[in-house]
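Colleague: sequence plus the predicted model coming up.
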Amino acid sequence: MIKNKWNNDNIKNELNLFYDLYKHKPIANNDGGMKFPHMFLMWYLVKQISPRYIIESGVWRGLGTWFIEKASPRTKIICLDPNPQYRIYTSENAIYKSEDFSILNFDIDPNETLVFFDDHQNSLERIKQCKIKNFKKLIFEDNYPFDQGDCYSIKKILSNENYVMDINGIKKNYQKNNEDYNFLVENLAVYQEMPPIFIPEFTRWNNKFSQYETPSPLLNEIELQNYSSIISEIKDYTWMCYIELV
Ligand SMILES: C[S@@+](CC[C@H](N)C(=O)[O-])C[C@H]1O[C@@H](n2cnc3c(N)ncnc32)[C@H](O)[C@@H]1O
């Protein structure tokens, strides 16, 4: 399993460009959606891959769609969200559907498609659905560690520990599942947790970042001071990952 397809130096080289673009985003408040750390990583990956098609599952206000367009204007976007009433930005490069990814037939070349999941669904099921549909390049935004988050994430499964699901504030413990772990090990050709901008002392859940395995950050504390307008968003990082299936 390759874990270092994308290199921190290359990612960091794009940071200033994105920092300027971020100042011009059309939706000022994206609470409930991606903040600077994940928006940057998604924009970076889309810019590098520049796929012919993107399926964006989980659209919210549409700010992610706007950044996808900026990263790769040639890309046709298929936006899926059962709650289109929350959308503020609508793209002319996108088609919009409210059905779930699992039940749709996509008449597009899977080899030229990137699938971006930010829909808080079970990521193992999403991977199985992608295998059926032949999609191989995937991003998961909600890649929660074993003891946090409302969905079954790749990070939870690969941690190979008993894990927790937090549904509407109620935490429930589950036993680790070796079958799921083995399935991922057999099916992930690339699994890379993308780097945080900076690792603060505390996570968004106010526990310590140091208790989790996290890739090296892009910036140190002194460098971070050059990005003052986004420091309040720095905690909004949940190990977003890039995946290629075998
Ligand atoms: C965290 S928001 C997405 C934020 C968005 N990526 C952004 O930052 O601009 C999660 C979204 O997933 C949507 N959602 C819930 N279930 C879904 C499903 N089964 N398929 C696709 N989207 C779903 C919700 O309606 C919500 O808009």
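Modeller: Thanks, I have the structure now.
Colleague: please make it C-alpha for all contacts and neighbour counts, starting now.
Modeller: Noted.
Colleague: what helix or strand is the residue of the chain most remote from its centre located in?
Modeller: Note on the chain: the largest C-alpha distance from the chain mean falls to Ile222, namely 26.7 Å (CA atoms, centre = their mean). In the assignment (DSSP states H and E), Ile222 maps to helix 221-224.
Colleague: residues touching the next helix or strand after that helix, excluding its own?
Modeller: Using DSSP H and E, the next helix or strand after helix 221-224 towards the C-terminus is strand 241-245. Strand 241-245 is contacted by residues 131, 136-141, 143, 187-194 when judged by CA atoms under 8 Å, 6 or more residues apart in numbering.
Colleague: filter those down to just the buried residues.
Modeller: 136-141, 143, 187-188, 190-194 (16 or more other CA atoms under 10 Å).
Colleague: closest to the ligand out of the residues you listed?
Modeller: For the buried ones among the contacts of strand 241-245, the minimum distance to the ligand (CA to the nearest ligand atom) is 7.9 Å, reached by Glu141.
Colleague: what residue lies at the spatial centre of this structure?
Modeller: Glu141 (2.2 Å).
Colleague: OK, contacts around that residue?
Modeller: Glu141 neighbours (CA under 8 Å, 6+ apart): His38, Phe116, Phe117, Asp118, Thr238, Trp239, Met240, Cys241.
Colleague: how about the strands in the protein?
Modeller: 53-57, 76-80, 94-97, 113-117, 137-140, 163-167, 170-174, 188-193, 241-245 (DSSP state E).
Colleague: any chance of CSV for these, columns distance to Ile11 and mean pLDDT?
Modeller: CSV is the format used below for those (distance: least, CA to CA, whole Å; pLDDT from 0 to 100):
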stretch, distance to Ile11, mean pLDDT
strand 53-57, 21, 98
strand 76-80, 23, 98
strand 94-97, 26, 98
strand 113-117, 18, 98
strand 137-140, 16, 98
strand 163-167, 31, 96
strand 170-174, 35, 96
strand 188-193, 13, 98
strand 241-245, 13, 98
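Colleague: alpha carbons of stretch 146-158, in CSV - could you do that?
Modeller: The C-alpha trace of stretch 146-158 is given here as CSV (Å, rounded to 0.1, in the frame of the first residue of the first chain):
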residue,chain,number,x,y,z
PHE,A,146,-11.1,5.4,15.9
ASP,A,147,-12.8,7.2,18.8
GLN,A,148,-14.5,10.1,16.9
GLY,A,149,-17.0,10.9,14.2
ASP,A,150,-20.4,9.8,12.9
CYS,A,151,-19.4,7.4,10.2
TYR,A,152,-17.3,4.3,9.6
SER,A,153,-14.1,5.7,8.2
ILE,A,154,-11.1,4.1,6.5
LYS,A,155,-8.9,5.4,9.3
LYS,A,156,-11.1,3.6,11.9
ILE,A,157,-10.8,0.4,10.0
LEU,A,158,-7.1,0.6,9.3
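Colleague: what does that stretch contact?
Modeller: By CA under 8 Å, 6+ apart, the list of residues contacting stretch 146-158 reads 120-124, 142-145, 159, 161-168, 176-177, 180-181, 184.
Colleague: near the ligand too, which of those residues?
Modeller: Taking CA under 6 Å from any ligand atom as the test, the ligand is in contact with none of the contacts of stretch 146-158.
Colleague: among those residues, name the buried ones.
Modeller: If we count by 16+ other CA under 10 Å, the contacts of stretch 146-158 have these buried: 120-121, 123-124, 142-145, 159, 163-165, 176, 181, 184.
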